[in-house]
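# Below are the sequence and a predicted model; questions follow.
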Amino acid sequence: MTEFFISTPIYYVNDVPHLGHAYSMINADAFARWHRGIGDEVYFLTGTDEHGQKVADSATRASMSVKDWTDLYAQRFKDAWVKLGIAYDDFIRTTEKRHEVAVQKFLQALYDNGYIYLGTYTGSYCVSCEAYYSPGDIVDGLCPVHRIALTQMEEENYFFRLSAFRERLIEWYNEDPEAVFPDFRRNEALSFITGGLDDISISRTSISWGIPIPWDERHVCYVWFDALINYLTGIGYDAPGYQRFWQHSHHLIGKDIIRFHCVWWPAMCMAAGLKPPTKVLVHGWLLVEGAKMAKSGGNGVDPIELVGRYGSDTVRYYLLREHALGADGDFSIEALENRYNVDLANNIGNLLSRVTNIVEKSLQGQAPPATGRVLDFAKVREHVGRASRAWGAFASAQALEEVQSLVRMTNSILEERAPWKVEDTREIGEILGDALEILRLVAFLVSPVLVDSAPRILQAIGIDGASLSIPYADSLEVGLYGGGVSISKAPPLFPRLRPINA
Ligand code: MSP
């Protein structure tokens, strides 16, 4: 058994969650579920980023205290995650005492190690990004991301000596070429480093909504510096035991926050005497007609509404099947419905109802065992192996494609052998036993995504759905379906939405 620590970014509570945020969560949840399934000890951490000017401004606009505002919005994120079937182990809010303790401990370590100094910051700040911009980044006097006016600042700030880590960061990237995934994101991060690093301002005196700097309480910690440290708070940075998970840390992030996670954070870890994270997994953006889905862009899709219409398994499946980690991907209802109809209704759902129906009709409901006489089990083993490796390599779209290949292969064997026309019950048994074996394997392989339907598949073929809640690596062996149970025609798992336009 190995530890597997996976985190998502912590979400700003300036607004409600949209499907872009849900995309991060669903990916992380599926990876966490896969690792639990194969017997790893998983710690899945998520939460909310509650400091900074953006959140404080949102509360002021709503005439609410920041505390009441953050309580309300943190709860909205939690509610959305319940609806999407997300099973995290811990939800951290950066306004919690445990986080203040961890941040102050971390800052003190950096200060004691000589990586923090007092200076004056003069320049521009984007409240939406909660980021400082140097003249070279600014486009037409505006924020390069949000295209909004920047705030001019001149303040006495504490600075982190990021510039001192250029060589060590390059060394880390060279020694561990897989530390940032996928590869093209790694190159992007590396180019930020080779391009030169400026020290960063890490405190503010003009706002009070934040964590006080432990040795100088006139300053509060800059929101990004505080936020990154959540990954340590969540695994108990105040006690030595945190190292167990830290040695196996995986941060899933969106491509817009690469600089913070792939440049700042590893340097901050080095400065505190820690090893940098094990892996940073970078996903692309969900786009709507080519533009980033965002609340501020007015094109944010409400994940709760979508789940209400299609169910959480469908939303989860569509997002993971359609969008490979790393690249941007378009969101559209047509694509979601099409995926549902083709992969879930026509392939998986159809296989289940067909097979259980014939067992009921032709074999008096007595499920036959798998024999490997009809399906080529060597080939099945290859698909299962590839799907498992894909899950392990964070390639959910590929894992799900392997599952679809298995299902397509089985559906076409059924077409070819037409067990509904066969009279010899021994032959029917051989055909259906192998098909049942595929359904069994499919249930395990899709269980990180289809969290409600996978146990229903197992139950429909006479296996306890709870087998998915315990480590199941051994169940991925091919040929284990023993039959000998009584089953009946399964109710439609994925009723067809509407006829597909061929
Ligand atoms: N609070 C910071 C993260 C701090 S982590 C130490 C933040 N919050 S955020 O709410 O703005 O964004 C959280 C995550 O949602 C980011 O990874 C971002 O990439 C992701 N997404 C926001 N919109 C998205 C899409 N349209 N598509 C995919 N992910 C998107 O940044």
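Yep, it's here.

# so what's the residue in the chain that the ligand sits nearest to up against?
At 1.7 Å from the ligand, Gly254 is the closest residue in the chain, using C-beta to the nearest ligand atom. No exception for glycine: its C-beta is placed from N, CA and C like everyone else's. If a contact means C-beta atoms under 8 Å, 6 or more residues apart in numbering, then Gly254 has 9, 20, 24, 282-285 as its contacts.

# ok, Asp68 to Glu50 distance?
Asp68 is 12 Å from Glu50, where distance means C-beta to C-beta, to the nearest Å.

# So these two - more neighbours on which side?
For Asp68 versus Glu50, neighbours defined as other C-beta atoms under 10 Å are more numerous around Glu50 (30 against 11).

# pretty sure the more buried one contacts Val13?
Yes: the pair Glu50 / Val13 is scored as a contact, 5.4 Å apart, by C-beta atoms under 8 Å.

# intersection of neighbour lists for those two?
Counting by C-beta under 8 Å, 6+ apart, the contacts common to Glu50 and Val13 are 70, 74.

# Report how many residues lie close to the closest residue to Ala397 other than its chain neighbours.
Distance criterion C-beta to C-beta, 6 or more residues apart in numbering; nearest residue to Ala397, sequence neighbours excluded, is Ala324 at 4.5 Å. When counting by other C-beta under 10 Å, one arrives at 17 neighbours for Ala324.

# ok, which residues in the stretch 201-350 of the chain are in contact with the ligand?
Residues of the stretch 201-350 of the chain lying close to the ligand by C-beta under 6 Å from any ligand atom are 227-228, 230, 253-254, 256-257, 285-286, 292-294.

# from the residues you listed, which is closest to Pro419?
Leu286 (42.1 Å; C-beta to C-beta).

# Tell me the bridge partners for that closest one.
Legend: beta-bridge partners of Leu286 under DSSP bridges are Gly329.

# I'd like to know how many residues surround it.
When neighbours are counted by other C-beta under 10 Å, Leu286 registers 26.

# wouldn't it be in contact with Ala294 here?
No: judged on C-beta under 8 Å, Leu286 makes no contact with Ala294 at a distance of 9.6 Å.

# who touches both of these two?
Shared contacts of Leu286 and Ala294 (C-beta under 8 Å, 6+ apart): Gly20.

# Am I right that Ala324 sits in a strand?
No: under DSSP: H, G, I helix; E, B strand; the rest coil, Ala324 sits outside any strand and is assigned coil.

# Who are the contact partners of it?
For Ala324, the contacting residues are 395, 397-398, by C-beta under 8 Å, 6+ apart.

# ok, now Ala109?
271-273.

# what's the helix or strand for Gln404?
For Gln404, the element it lies in under DSSP states H and E is helix 396-417.

# same check, this time on Arg386
Counting by DSSP H and E, the element that carries Arg386 is helix 377-392.

# Repeat that for Ile6.
Ile6 belongs to strand 3-7 when assigned by DSSP H and E.

# With Pro492 instead?
Assigned by DSSP H and E, Pro492 belongs to no helix or strand.

# Quick check, it in contact with Gly349.
Yes: with contact defined as C-beta under 8 Å, Pro492 reaches Gly349; the gap is 6.2 Å.

# OK, contacts around the closest residue to Val282 other than its chain neighbours?
Using C-beta to C-beta, 6+ apart and skipping residues adjacent in sequence, the residue nearest Val282 is Arg185, 4.0 Å away. Applying C-beta under 8 Å, 6+ apart, we find Arg185 in contact with 255, 258, 262, 282, 326.

# Make TSV out of these and add neighbour count, secondary structure and pLDDT.
Shown next, in TSV, are these (neighbours: other C-beta atoms under 10 Å; DSSP: H, G, I helix; E, B strand; the rest coil; pLDDT from 0 to 100):
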residue	neighbour count	secondary structure	pLDDT
Lys255	15	helix	96
Ile258	18	helix	97
Cys262	27	helix	98
Val282	24	strand	97
Gly326	18	coil	89
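
# of all those, which comes closest to His146?
Of all the contacts of Arg185, His146 sits closest to Lys255, with 15.7 Å by C-beta to C-beta.

# In contact with that closest one, which residues?
By C-beta under 8 Å, 6+ apart, Lys255 lies in contact with 185, 282-285, 328.

# ok, of those residues, which one's closest to Arg316?
His283 (14.6 Å).

# Burial check on that closest one, number of neighbours?
Residues near His283, counting by other C-beta under 10 Å, number 25.

# And it, how close does it get to Ser405?
Computed as C-beta to C-beta, the His283 to Ser405 distance reads 24 Å.

# what's the answer for Val384, then?
From Val384 across to Ser405, the span is 11 Å (C-beta to C-beta).

# ditto for Phe77
To Ser405, Phe77 is 36 Å away according to C-beta to C-beta.

# How about Thr48?
Separation of Thr48 from Ser405 (C-beta to C-beta): 39 Å.

# Which residue of those two possesses the greater neighbour count?
Set Thr48 next to Ser405 and count neighbours by other C-beta under 10 Å: Thr48 wins out with 24 against 17.

# Before we go further, the more buried one is sitting in a helix, right?
No: with three-state DSSP as the criterion, Thr48 is assigned strand and is not in a helix.

# pretty sure it contacts Trp81?
No: counting by C-beta under 8 Å, Thr48 does not reach Trp81; the two are 10.9 Å apart.

# In the stretch 351-500 of the chain, where is pLDDT below threshold?
Counting by pLDDT under 70, the stretch 351-500 of the chain contains low-confidence ranges at 498-500.

# Narrow the contacts of Ala109 to just the buried residues.
By neighbour count, with 16 or more other C-beta atoms under 10 Å, those hold 271-272 as buried.

# which among the contacts of Ala109 gets closest to Ser488?
For the contacts of Ala109, the closest approach to Ser488 (C-beta to C-beta) belongs to Ala272, at 59.8 Å.

# Name the nearest residue to the closest one, sequence neighbours excluded.
Per C-beta to C-beta, 6+ apart, closest to Ala272 is Ala109, 4.6 Å.

# Asp137 now?
Leaving aside its sequence neighbours, Asp137 sits nearest to Pro144 (C-beta to C-beta, 6+ apart; 5.6 Å).

# Can you report how many residues neighbour the one you found?
15.
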